[in-house]
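Asks: Turn this into a structure:
(one chain, ligands or ions: 2)
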Amino acid sequence: MKTRLLACLSVVFATTLGLPVTAADLPNIIIIYADDVGYGDLGCYGATAIDTPNLDRMAKEGVRFTSAYATASTCTPSRYSLLTGEYAFRNQNAKILPGNAPLIIDTEKPTLASMLKSVGYSTALVGKWHLGLGFADRPLDWNDDITPGPRELGFEYSFHMAATGDRVPTVYIEDGKIVNLDPNDPVSVSYEHPIGSDPTGLSHPHLLRNQADEQHAKTIVDRTSRIGYMSGGVSARWTDEEMPDTFLGKAIDFIHDNTAGPFFLFYAVHENHVPRVPHPRFLGSSGLGVRGDAVVQMDWGIGRILEELEELGIAENTLIVFSSDNGPVLYDGYYDGAIEQNGDHKPAGPWRGGKYSAWEGGTRMPFITWWPAKIQPSRSDALVSQVDLMASLAELTGAKIPAGHAQDSEALMDVLLGKSDQGRPSLVQQGVDIKAIRAGDWKFVPPGRVRNRGGVGIITNDIIPKPGALYFLPEDPSEQNNLARAYPEKVKELSALLSKTLDDVEAFKTQPDGLGGAVEN
Ligand code: NG6
Ligand code: CA
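Replies: Ligands and ions are numbered 1, 2, ... in the order given. Reported below is the predicted structural model:
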């Protein structure tokens with residue numbers, strides 16, 4: 001009641017946009033955040049071997065963006081930015097996290113969830129988290145209350161995995177408790193040394209669904225070896241093929257429980273991350289083996305959400321934003337046939353590179369907004385970043401962002417609704433080794449190493465010599481023609497802009513993120 005009252009008091013907003021003027025008009029907001037789904041993986045972005053009728057429908061009825069970006073080419077930093085409105089390089093812990101990492105977002109920091117909660121939204125996280133759990137100064141007891149986590153950041157309801165599908169612990173956590181945990185069989189997790197007596201991929205390769213690289217060859221759960229060791233919690237361990245239906249069920253339950261609205265659902269689906277174990281009913285549904293089948297499965301789930309919204313009569317006033325956390329990858333630790341069955345499919349569409357990379361394929365994302373009551377169907381080439389969702393949704397809902405927070409987020413609600421094509425002037429693209437910048441039609445990659453696993457999954461290191469690489473994207477979308485020597489002034493301008501954006505952030509000098517090493521100039 002109190003929050004609804006707050007909502008009523010905060011309705012002096014958004015009139016310039018012709019947007020909601022009373023709390024009752026506030027739309028429900030669902031962010032559907034895919035994992036490792038590339039620009040080219042959807043029919044509406046050019047895929048022919050994968051059918052995605054539901055996303056195609058949303059693209060047709062909504063705005064389909066062609067220049068929308070994740071802030072980074074891996075999961076944790078992109079999710080950090082989406083939820084905080086801040087570039088991830090501002091937080092040196094925002095890199096790919098192990099499954100037992102502590103929470104990396106300060107609980108004092110406003111997030112999309114706490115912001116929307118403050119104006120009366122019911123808020124929920126369903127799906128992937130991967131932003132850490134627990135305190136930094138003490139080990140987490142997985143068998144007790146798992147805190148701090150999403151609940152301390154504004155999610156009133158949460159049902160999620162700790163990190164990734166390929167990392168232990170392989171359990172669901174609902175409102176801070178492991179689901180189906182038998183207290184007599186407690187969960188322990190280690191990323192340093194073997195624990196318990198479960199077989200590992202190294203000791204029992206014959207038990208595996210797919211063979212894996214050494215990093216993924218630790219504790220076996222459900223015929224898949226994982227990164228990290230886990231013991232106990234046998235009754236709580238998930239079954240990979242059931243995961244999408246489990247998350248979907250929780251998302252639908254939350255929607256049903258909150259039809260009076262407004263609600264905010266962060267639906268962070270697992271597809272298309274490894275291990276790719278689609279439900280058997282989707283096997284063979286694409287022409288690309290399990291990698292394509294998992295995308296078909298995701299699309300089907302999105303169709304179910306649309307159906308539910310329609311049946312409940314709330315579709316009209318629900319804003320859905322669909323995007324992905326980073327570019328595509330074929331081989332990412334498991335020999336699941338993704339490379340062999342890829343055929344002519346271009347998972348990153350026309351862009352170079354993919355996951356891990358500062359090339360366009362690493363961060364240029366499928367991005368669709370859909371809101372029947374307010375959006376005129378269109379295609380938008382405006383430059384937008386997922387980091388802009390925080391300020392844009394504040395603009396939409398009248399929520400206040402306390403000074404000094406969400407400083408990288410630009411309020412672009414009218415762009416997201418297809419009413420303006422004035423996007424942001426520039427954005428930083430964070431790869432695991434190097435940070436590039438796009439400004440207008442130009443892209444600058446500073447000298448150093450661009451690590452890339454997007455193509456066939458084999459790591460390549462593209463070395464960028466001094467003075468860096470400059471591309472004119474409208475004529476050279478796949479970043480082949482380095483114009484740095486021909487346009488020294490442009491190089492100077494973009495290089496200065498990049499340094500200014502990164503300002504005193506130590507990360508710029510040491511490039512410590514994820515898989516990479518120091519940059520060699
Ligand atoms: C990498 C893993 C990769 C994947 C990734 C996280 C290795 C060799 N590779 O470290 O398999 O789990 O982390 O992906 O361990 S992300 O989408 O969550 O960023
Ligand atoms: Ca990802």
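Asks: ends of stretch 311-319, how far apart?
Replies: This stretch, stretch 311-319, spans 16 Å end to end (CA to CA, to the nearest Å).
Asks: Which parts of that stretch count as buried, going by neighbours?
Replies: 314, 315, 317, 318, 319 (16 or more other CB atoms under 10 Å). Every residue, glycine included, has its C-beta placed from N, CA and C.
Asks: My guess is the third one contacts residue 28. True?
Replies: Just to be clear, that refers to residue 317. Yes. Residue 317 is in contact with residue 28 according to CB atoms under 8 Å; the separation is 6.6 Å.
Asks: hmm, back to that, distance to ligand 1, pLDDT and secondary structure for the buried residues of stretch 311-319 - can I get that in a markdown table?
Replies: Shown next, in a markdown table, are the buried residues of stretch 311-319 (distance: CB to the nearest ligand atom, whole Å; pLDDT from 0 to 100; DSSP: H, G, I helix; E, B strand; the rest coil):
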| residue | distance to ligand 1 | pLDDT | secondary structure |
| --- | --- | --- | --- |
| 314 | 31 | 98 | coil |
| 315 | 30 | 98 | coil |
| 317 | 32 | 97 | coil |
| 318 | 27 | 98 | strand |
| 319 | 25 | 98 | strand |
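Asks: which among those gets closest to residue 106?
Replies: Closest approach to residue 106 among those (CB to CB): residue 319, at 27.7 Å.
Asks: can you list residues touching both of residue 317 and residue 28?
Replies: Contact criterion CB atoms under 8 Å, 6 or more residues apart in numbering; residues shared by residue 317 and residue 28: residue 261.
Asks: so where is the stretch 51-200 of the chain shaky, pLDDT-wise?
Replies: Judged against pLDDT under 70, the stretch 51-200 of the chain has no low-scoring part.
Asks: Tell me which residue in it sits closest to ligand 2.
Replies: Across the stretch 51-200 of the chain, no residue is closer to ligand 2 than residue 75, which sits at 3.7 Å (CB to the ion).
Asks: Any idea how many residues pack against that residue?
Replies: 28 (other CB atoms under 10 Å).
Asks: And the pLDDT for the residue lying closest to residue 39 once chain neighbours are set aside?
Replies: Counting by CB to CB, 6 or more residues apart in numbering, residue 39 lies nearest to residue 349, which is 4.0 Å off, once chain neighbours are set aside. As predicted, residue 349 sits at a pLDDT of 97.
Asks: Residue 349 is in contact with residue 43, isn't it?
Replies: No. Contact criterion CB under 8 Å: residue 349 and residue 43 do not qualify, at 11.8 Å.
Asks: Of those two, which one has the most company?
Replies: Set residue 349 next to residue 43 and count neighbours by other CB under 10 Å: residue 349 wins out with 22 against 19.
Asks: dump the residue contacts of the closest residue to residue 200 other than its chain neighbours.
Replies: Closest residue to residue 200 apart from its sequence neighbours, by CB to CB, 6+ apart: residue 218 at 5.3 Å. By CB under 8 Å, 6+ apart, residue 218 lies in contact with 168, 194, 200, 201, 202, 225, 226, 227, 228, 229.
Asks: how about the second one, what does it touch?
Replies: In this case it means residue 194. Residue 194 neighbours (CB under 8 Å, 6+ apart): 200, 218, 229.
Asks: how near is the residue in the stretch 151-300 of the chain that ligand 1 sits nearest to to ligand 2?
Replies: In the stretch 151-300 of the chain, the residue that lies nearest ligand 1 is residue 215 (3.8 Å; CB to the nearest ligand atom). When distance is defined by CB to the ion, to the nearest Å, residue 215 is 16 Å away from ligand 2.
Asks: thinking that residue is in contact with residue 332, fair?
Replies: No. Using CB under 8 Å, residue 215 is not in contact with residue 332; the gap is 10.3 Å.
Asks: More neighbours: those two, which one.
Replies: More crowded of residue 215 and residue 332, by other CB under 10 Å: residue 332, with 23 against 13.
Asks: So the closest residue to the more buried one other than its chain neighbours versus residue 266, what's the distance?
Replies: Setting aside the residues directly before and after it, residue 332 is nearest to residue 274 in space (CB to CB, 6+ apart), at 4.7 Å. Relative to residue 266, residue 274 is positioned 22 Å away (CB to CB, to the nearest Å).
Asks: So those two - more neighbours on which side?
Replies: Ranked by neighbour count (other CB under 10 Å), residue 274 and residue 266 place residue 266 first, with 28 against 25.
Asks: who's in contact with that one?
Replies: 31, 33, 83, 112, 113, 123, 124, 125, 126, 127, 155.
Asks: and of these, the nearest to ligand 1?
Replies: Nearest to ligand 1 among these: residue 33, at 11.1 Å, using CB to the nearest ligand atom.
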